[in-house]
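K.L.:
one predicted model, sequence on top.
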Amino acid sequence: MQDQPFPSEIIAAVAEFLRTTVAPKSDPLLAFQAKVAANALEMARRQLEQAPAADAAELERLTRILGHGGDPHALNTELAARIASGDLDLASPGLADHLWATTLAKLAVDQPTYAAYRVALAEHGPGAGGANNKITEE
Amino acid sequence: MEADVTKPSLEADLERGLSSVAGKIAAGASGISGLRRLSGGASQELWRFDLTEGETRTPMILRRAPGGDRVSETAAGLEIEAALIQAADRIGVPVPPVRYVLSPKDGLGRGFVMGFVEGETLGGRIVKGEAFAEVRPRLARQCGEILARIHTLDPADFPTLKRSTPAELLAQWLGAYRATEWPRPVFELAFRWLERNCPPPPTQPRLVHGDFRNGNLMFGPGGVRAVLDWELAHVGDPMEDLGWICVNSWRFGMVHKPVGGFGDLGDLFAGYEAAGGPPVNRAAAKWWEVFGSMRWGVMCSGMSAAFRTVDPSVERAVIARRTSENELDLMRLLAD
């Protein structure tokens, strides 16, 4: 067992340092780059925190849809090939839900402030009740 | 001169070279001053400088191939780009006026000098800024009108521009996706849909801008002041331009405003047809929007390889991770 503090805590501290200490003391270009670096670290932190549960859930869905287990890259490659061949499509049981869940899990790590993600999360995220729960964008 | 010694050599070279062609940029101009590099992507170099004539200073922009002569495979080429802008200017498309096209003997590389146009290009400010609140409802129609005009440019005048059918472009981008060697079930779904719904080759191919979107347009209080970035111009289906400006990536958070985050489809299409464009094929425009999300997504995912080889910058890594935004947009387009 490794010691404390945890990687995600250290990463958060470095991101905060870049944002609140380095950026204000830098010229505009370097300040911009420091903020980009802070955002990148935050992304890495979110992945460390969220990936174990999200990956396990994805693996479970893939196993159900494809009918067998395996490593995630191999299963995704197989799923991609079966969609490309027309063997699986959005009408296939579980596929649309799987793609929504997987895509939303990616956005939760990559870009949780992406406006279309917020809309999609309300419609297709955990707790969304399908069509009845659909919010309109207008 | 001592001051020149301390300057980066590229800047000093450009300053000398531009000074020597000042009289060709504008008759009577005697030199240049205040040269500085503007932020620009890897596919372009943008410089700002002042043309001096006595006490008068006129701001100018130099657009140059990166490193002077590198031109990407998809780009039309700087000389063609200048010719396109000049042709567009003649038929009333708002563009920065081309003042001078570099010639090899100028020793400045490939590129051209444009007059400086004052305006806003930051997409977020266009879609949300108070300064554009009044004009915003008119922008989509204006974009339609401008595109209709661009599409009247005669492809025969630009024989070296790339000519592709929708099916050829689709095959090309499928290849680019496969080359990333990373499985993306959502992209596969998009490619299947795009293949099944692919428009036929256009009966009358038009000159297509290729990158007409919020971010490549300069806006002022009266609306569109200049159409920028002509480097992806080609000949093909005019509906491509109508779809590309609707891609969610260029809505800057205003997801319910399909045209650039500032307007509605009805206004874009009405402006296009009223200004003499061919009848809008809504299904084809939608196809090009899906194609656009896929294309930008494949480009983002390609950044991963670039990050690991030629450009290990944080920015590059972060753009690679924006691929998922396009996967989400494709899901919303195809599975909602």
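P.N.:
Done, it's in.
K.L.:
tell me the pLDDT at the closest residue to B:Glu45 other than its chain neighbours?
P.N.:
By the measure of C-beta to C-beta, 6 or more residues apart in numbering or on different chains, the closest residue to B:Glu45 outside its immediate chain neighbours is B:Arg64, 4.3 Å from it. To be clear about C-beta, it is placed using only N, CA and C from the backbone, and glycine gets the same treatment. As predicted, B:Arg64 sits at a pLDDT of 90.
K.L.:
and B:Arg64, what does it touch?
P.N.:
B:44-47, B:78, B:102, B:108-111 (C-beta atoms under 8 Å, 6 or more residues apart in numbering or on different chains).
K.L.:
how far away is it from chain A?
P.N.:
With distances taken as C-beta to the nearest C-beta, to the nearest Å, B:Arg64 is found 20 Å from chain A.
K.L.:
re earlier: how about the contacts of B:Arg64 in a markdown table, adding neighbour count and pLDDT?
P.N.:
Output for the contacts of B:Arg64, formatted as a markdown table (neighbours: other C-beta atoms under 10 Å in any protein chain shown; pLDDT from 0 to 100):
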| residue | neighbour count | pLDDT |
| --- | --- | --- |
| B:Gln44 | 18 | 72 |
| B:Glu45 | 21 | 85 |
| B:Leu46 | 16 | 90 |
| B:Trp47 | 21 | 93 |
| B:Leu78 | 22 | 90 |
| B:Leu102 | 25 | 94 |
| B:Leu108 | 20 | 90 |
| B:Gly109 | 20 | 89 |
| B:Arg110 | 21 | 90 |
| B:Gly111 | 25 | 92 |
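K.L.:
before we move on, back to that, against B:Gly111, how distant is the residue nearest to B:Glu45?
P.N.:
To B:Gly111, B:Arg64 is 3 Å away according to C-beta to C-beta, to the nearest Å.
K.L.:
shared neighbours, the two?
P.N.:
Joint contacts of B:Arg64 and B:Gly111 (C-beta under 8 Å, 6+ apart) are B:45, B:78, B:102.
K.L.:
in helices, which of these fall?
P.N.:
The helices, defined by DSSP state H, take in B:Leu78 from those.
K.L.:
which one of the shared contacts of B:Arg64 and B:Gly111 is nearest B:Gly266?
P.N.:
B:Leu78 (37.1 Å; C-beta to C-beta).
K.L.:
excluding its backbone neighbours, what's nearest the closest one?
P.N.:
B:Arg110 (4.6 Å).
K.L.:
go on, B:Asn197?
P.N.:
B:Trp287 (5.6 Å).
K.L.:
residue 19: how many residues sit nearby?
P.N.:
Looking at chain A here, since you left the chain open. 18 (other C-beta atoms under 10 Å in any protein chain shown).
K.L.:
ah, I was thinking of chain B
P.N.:
Residue neighbour count, defined by other C-beta under 10 Å, stands at 18 for B:Ser19.
K.L.:
skipping adjacent residues, who's closest to the residue most central in space within chain A in space?
P.N.:
Nearest to the mean C-alpha position of chain A, by C-alpha atoms, centre = their mean, lies A:Lys106 at 1.9 Å. Nearest residue to A:Lys106, sequence neighbours excluded (C-beta to C-beta, 6+ apart): B:Ser324, at 3.9 Å.
K.L.:
now that neighbour: which helix or strand?
P.N.:
helix B:323-334 (DSSP states H and E).
K.L.:
avg pLDDT for that helix?
P.N.:
98.
K.L.:
before we move on, what about stretch B:307-320?
P.N.:
94.
K.L.:
for that stretch, buried residues please.
P.N.:
Across stretch B:307-320, burial judged by 16 or more other C-beta atoms under 10 Å in any protein chain shown covers B:307, B:314, B:316-320.
K.L.:
first-to-last residue distance for that stretch?
P.N.:
This stretch, stretch B:307-320, spans 8 Å end to end (C-alpha to C-alpha, to the nearest Å).
K.L.:
give me the distance from that stretch to the chain's centre.
P.N.:
Centroid separation between stretch B:307-320 and its chain, computed with C-alpha atoms, centre = their mean, to the nearest Å, is 22 Å.
K.L.:
repeat that for stretch B:179-198.
P.N.:
From the chain centre to the centre of stretch B:179-198 is a distance of 25 Å (C-alpha atoms, centre = their mean).
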